[in-house]
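Engineer: Structure, please.
(2 chains)
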Amino acid sequence: MSSDPAGFVWEWEVATPLVVALVMVEVAYVIAWIGKGRDDGSARRSWGHLVLFTLGLLSVVIALMSPIGANDERLLSMHMLAHDILIWITAPLLIAGVGALLGDMHRLPRPLRGALVFLTRPMVALLVSTVLLWVWHIPAAYGRALENHHLHHLEHLCFLAGYLLYWWPLIAPSWQLGALHTDAGRVIYLLAGMTQSALLGALITFHGTVLYRGYLEAPGASAASVLADQRLAGMVMWIPGMVVFVVVAAVVVGRRAPEPVRSS
Amino acid sequence: MSSATLIPATSRATTLFAPDRSNGAVLRVSLVYILAGLGSFLLMGLLGLTMRLDQSGMAVISPVWFYRIMTLHGAGMVASILLASYGGLAAAISSTTRLSARALWLAFFVYMGGMMFTIMATLIGGFAAGWTVLYPLPMHGLIWTADAALAMYAGYFFAAMGMLIYSVHLLYALAKAHGGVGKVLALRYLFSFGRDKRDPLPRPAELIAAVISIDTIAAVAAGTLYLVPMFAHAAGLMSVDALYAKNTVLLFGHTMANLSIYVSAALVYAALPAFTGREWRTTWAVVVAWDLIIILMLANYSHHLYADFAQPAELQLLAEIGSYAVALPSFIVTIVGALTIIYRSGMRWTVAPMLLALGIWGWVFGGLGAVLDATIPVNQVMHNTMWVPAHFHTYYLLGAVAFVWGYLFYMVAELSGRRDPGPLRLAPWLYGIGGAGFIFMFFVAGANSVPRRYAVHLPQWQVYARIAVPFVIVLSIGLGWLGLSILARLRQAWQGTEADAG
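Structural biologist: Numbering: from 1, shown residues only, chains lettered A, B, ... in the order given. Predicted coordinates:
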């Protein structure tokens, strides 16, 4: 990592396969978006959906290829920031972009619908996202992910998938499968999600010894610097997360989603 | 007056529902506020019992944990009671003022986030500098890190933001309904000594809600003036003057603590008429007593700084005068008013009015203890003794909390349509007797100069805590019984709120 802050800004690490994948997803989305809102019975498309989805994909670029992602194997705080972006920015933006365009998932074939009904239940979504977040932060699992690129990618995929599930009941239109219908339900669900991630952040912040020893091997690292970075990482998980939850609460509580447009 | 926002009242009698029953969503969120507040109050009570057992020598906890628990108990109690009171107040004014359930949910969420930070800062981070977070101790603790102090401050910040959202919304809604803040404060009526009645007068609960909202906004501003320099100090950007920090944090924290009592007093005005069948009128005395609180509540915090030699003498004097002035008018008006509408009303003493009456009793005795403590010569002797926890436990446990329990029973009975079971009338007695015995031992200990905030008590001090413990058990039985009774009817009460516009 550059010691010069100006240099740090330019430390981008372009991963061509990821760029190609993101472009393909965007193209597929745009094609689907253009075809929506005509005769498929789902909610109409809007430019807002397109913008949100595109921002979601751009946030993946920021998380994994910008100086944040480029330094995540040297600084826990950067790694934590990358995770924050994936779970608190990418996942909700993607759902906000795609949720209304998916069509009424109640009409899906039975086996697929059954699986989605189960996974999008708020309790299940909360549990899955929580387990994935906590398991990957066990020092042994985290250390293996730092050493192995494939595991590292799997870790990121797990976070993204887990939090796509988590945000679904809140952000998906209220007529979709699994969507929470009451403000009390939404607020309790948000509080539960916020509390578990904040608890993990607090445990990392206040842990008195180095949890993730792989960072001790980074150039120029000392136990003191790694511990200070660990405290910062815990705070990065804890405090910005709270802000994101507040913003989401402001958006989703009290909202009444539009009814899907039914074909005549 | 804006008819678009003032729900038309067919009668001035106190009812939970607006005539068009459009406030069901607000009643639901209010119930959540009250239940979350009282639930958290019970948990914080268990922490209090743990400390008292330690002080009695009947259980031993390490001083490190004692101070963590003490910090969380203090911050948690203030936050819990304020939350529960806010819930009751929103319900009380929602029948005539159109409130946004969305704004109340958002305030609740942010506030709970603040409470979560506080819990984690103390129980995980080990922060133990006391809920008053008096600088410089928080930033220079030897057994907790600066991160823990920052997490505590973050908790206060989010709690303050939740309060701000709530208060700004209430004030906006009240001003919109009545045609301006001046009208909801009945200023024209006040300054004409009750002669100018051109503006419709607010109900007492609405007047109190406006007063409380203004003071909350001022307290949050003081909290910001404390927290911003603290964060800047932690970032190495500036140093902080300790006296400035003490003044701002007490203006914030003491006002918050005071507010919860005055918010809960509004619930008496809202609920008692439903039992006596007599309207509680907005008289000139009510208006002057409550409007005065806007200024006086912000002037009395400084009685916690009597021992600070550097504090200007003028502020000390203002604190003493402010302490008398803030307490006495509202006491007299509320208590005389309550007794007047109860007297010969033929009121049936169900659980709710019993609890409201208990609250009046606790408010009076706790308030008198506070007034005594605010007297400078008394304060110099008593301030660091158990006298201080005695007075604030009295007006919290037997005052504000009893008001909120009373209001909750009123709400649940009305919404569920189910009366209190007959034997339940014993529960308020257990609550009152247990609470009074528990608190009385604080007063006796204070009068015998037992110091407060000590983790380890000398053997000769332990007797007071030992006598208190059986009373706490009686208190717990009373509160547990009340809580179970509420839970048994909660589902029906919740469904009762769902009958929206009908």
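
Engineer: check contacts around residue B:395.
Structural biologist: Residue B:395 sits next to B:261, B:362, B:363, B:365, B:366, B:367, B:369, B:370 when contact means CB atoms under 8 Å, 6 or more residues apart in numbering or on different chains. (Each C-beta comes from the backbone N, C-alpha and C, glycine too.)

Engineer: Which positions in chain B make contact with chain A?
Structural biologist: Within chain B, the positions near chain A by CB under 8 Å from any CB of the partner chain are B:25, B:28-29, B:32, B:100-102, B:105-106, B:108-110, B:112-113, B:116-117, B:120-121, B:124-126, B:145, B:147-148, B:150-151, B:154, B:158.

Engineer: what's near enough to touch the closest residue to chain A within the stretch 351-500 of chain B?
Structural biologist: In the stretch 351-500 of chain B, the residue found nearest to chain A is residue B:494; the distance is 8.8 Å by CB to the nearest CB. Counting by CB under 8 Å, 6+ apart, residue B:494 touches B:28, B:31, B:415.

Engineer: pLDDT and neighbour count added to the residues you listed, as JSON lines?
Structural biologist: Output for the contacts of residue B:494, formatted as JSON lines (pLDDT from 0 to 100; neighbours: other CB atoms under 10 Å in any protein chain shown):
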{"residue": "B:28", "pLDDT": "94", "neighbour count": "24"}
{"residue": "B:31", "pLDDT": "95", "neighbour count": "24"}
{"residue": "B:415", "pLDDT": "91", "neighbour count": "25"}
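
Engineer: Between the residues you listed, which sits nearest residue A:55?
Structural biologist: Within the contacts of residue B:494, proximity to residue A:55 (CB to CB) peaks at residue B:28, which comes in at 34.1 Å.

Engineer: Top of the contacts of residue B:395 by number of neighbours, please.
Structural biologist: Sorting these by how many neighbours each has (other CB atoms under 10 Å in any protein chain shown) puts residue B:363 first, at 28 neighbours.

Engineer: Am I right that it is in contact with residue B:261?
Structural biologist: Yes: applying CB atoms under 8 Å, one finds residue B:363 in contact with residue B:261, separated by 6.9 Å.

Engineer: thinking again about what came up before, which one of the contacts of residue B:494 sits closest to residue B:402?
Structural biologist: Distances from residue B:402 to the contacts of residue B:494, taken as CB to CB, are shortest for residue B:31 (18.3 Å).

Engineer: pLDDT weak spots in the stretch 401-502 of chain B?
Structural biologist: Flagging of the stretch 401-502 of chain B using pLDDT under 70 yields the residue ranges B:499-502.

Engineer: Same check on the stretch 1-150 of chain A?
Structural biologist: Low-confidence segments of the stretch 1-150 of chain A (pLDDT under 70): A:1-9, A:37-44, A:100, A:104, A:106.

Engineer: Count the residues that sit near the residue in it that chain B sits nearest to.
Structural biologist: When scored by CB to the nearest CB, the stretch 1-150 of chain A has residue A:77 as its residue closest to chain B, at 13.1 Å. Neighbours of residue A:77 under the rule other CB under 10 Å: 21.

Engineer: ok, now which ones touch it?
Structural biologist: Going by CB under 8 Å, 6+ apart, residue A:77 touches A:229, A:230, A:232, A:233, A:236.

Engineer: Would it be right to say that it lies in a helix?
Structural biologist: Yes: under DSSP: H, G, I helix; E, B strand; the rest coil, residue A:77 falls within a helix.

Engineer: Check the gap between the residue of chain B found nearest chain A and residue B:477 for me.
Structural biologist: Closest contact between chain B and chain A, by CB to the nearest CB, is at residue B:102 (2.9 Å). Residue B:102 sits 39 Å away from residue B:477, taking CB to CB, to the nearest Å as the criterion.

Engineer: For the stretch 1-150 of chain A, which segments count as strands?
Structural biologist: In the stretch 1-150 of chain A, no strands are defined using DSSP state E, counting those that start in this stretch.

Engineer: next one: chain B
Structural biologist: Per DSSP state E, chain B carries no strands over any range.

Engineer: quick one: low-confidence parts of it?
Structural biologist: Looking at chain B by pLDDT under 70, you get B:1-14, B:499-502.

Engineer: for the chain, longest helix please?
Structural biologist: If you meant another chain, say so; for now it's chain A. Ranked by residue count under DSSP state H, the longest helix found in chain A is helix A:223-252.

Engineer: try again with chain B
Structural biologist: With secondary structure taken from DSSP H, chain B has its longest helix at helix B:459-497.

Engineer: Show me what counts as buried in that helix.
Structural biologist: For helix B:459-497, burial by neighbour count (16 or more other CB atoms under 10 Å in any protein chain shown) applies to B:461-465, B:467-469, B:471-472, B:474-476, B:478-479, B:481-483, B:485-486, B:489-490, B:493-494, B:496-497.

Engineer: again, but for stretch B:252-270
Structural biologist: For stretch B:252-270, the neighbour count (16+ other CB under 10 Å) marks B:252-270 as buried.

Engineer: how much distance is there from it to the middle of the chain?
Structural biologist: Here stretch B:252-270 is found 4 Å from its chain centre; the criterion is CA atoms, centre = their mean, to the nearest Å.

Engineer: Now residue B:298: phi and psi?
Structural biologist: Backbone torsions for residue B:298, taken as degrees, to the nearest 10, come to phi -90, psi -10.

Engineer: doesn't residue B:221 make contact with it?
Structural biologist: No: using CB under 8 Å, residue B:298 is not in contact with residue B:221, being 10.1 Å away.

Engineer: more crowded one of these two?
Structural biologist: Using other CB under 10 Å as the criterion, residue B:298 and residue B:221 rank with residue B:298 on top: 20 against 14.

Engineer: Tell me who's in contact with that one.
Structural biologist: B:215, B:218, B:219, B:251, B:255.

Engineer: Check the spacing between it and residue B:234 real quick.
Structural biologist: 27 Å.

Engineer: Repeat that for residue B:174.
Structural biologist: As judged by CB to CB, residue B:174 and residue B:234 stand 38 Å apart.

Engineer: Between the two, which has more neighbouring residues?
Structural biologist: Neighbour tally, residue B:174 and residue B:234, criterion other CB under 10 Å: the higher count belongs to residue B:174, 26 against 16.

Engineer: Around chain B, which positions in chain A sit nearby?
Structural biologist: Counting by CB under 8 Å from any CB, chain A comes close to chain B at A:183-184, A:186-187, A:190-191, A:194-195, A:198-199, A:202-203, A:205-206, A:231, A:234-235, A:238-239, A:242, A:245-246, A:249-250, A:253-254.

Engineer: could you redo the last one with a cut-off of 6 Å?
Structural biologist: Listed as neighbours of chain B in chain A under the rule CB under 6 Å from any CB of the partner chain: A:183, A:187, A:191, A:195, A:198, A:202, A:205-206, A:231, A:242, A:246, A:249-250, A:253-254.

Engineer: residues touching the residue of chain B closest to chain A, list them.
Structural biologist: When contacts are counted by CB atoms under 6 Å, 6 or more residues apart in numbering or on different chains, residue B:102 is found next to A:253, A:254.

Engineer: circling back to that earlier point, just the ones of the contacts of residue B:494 in helices?
Structural biologist: B:28, B:31, B:415.

Engineer: Including distance to residue A:84, could those go into a markdown table?
Structural biologist: Below are the ones in helices among the contacts of residue B:494 laid out as a markdown table (distance: CB to CB, whole Å):
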| residue | distance to residue A:84 |
| --- | --- |
| B:28 | 33 |
| B:31 | 34 |
| B:415 | 42 |
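
Engineer: Around residue A:175, count how many other residues there are.
Structural biologist: Neighbour count of residue A:175, defined by other CB under 10 Å: 17.

Engineer: what's the distance between stretch A:91-105 and the middle of its chain?
Structural biologist: Centroid separation for stretch A:91-105 versus its chain: 14 Å, with CA atoms, centre = their mean.

Engineer: Tell me the buried residues in that stretch?
Structural biologist: Neighbour-count burial for stretch A:91-105 flags A:91-102, A:104-105 (criterion: 16+ other CB under 10 Å).

Engineer: Perfect, that will be all.
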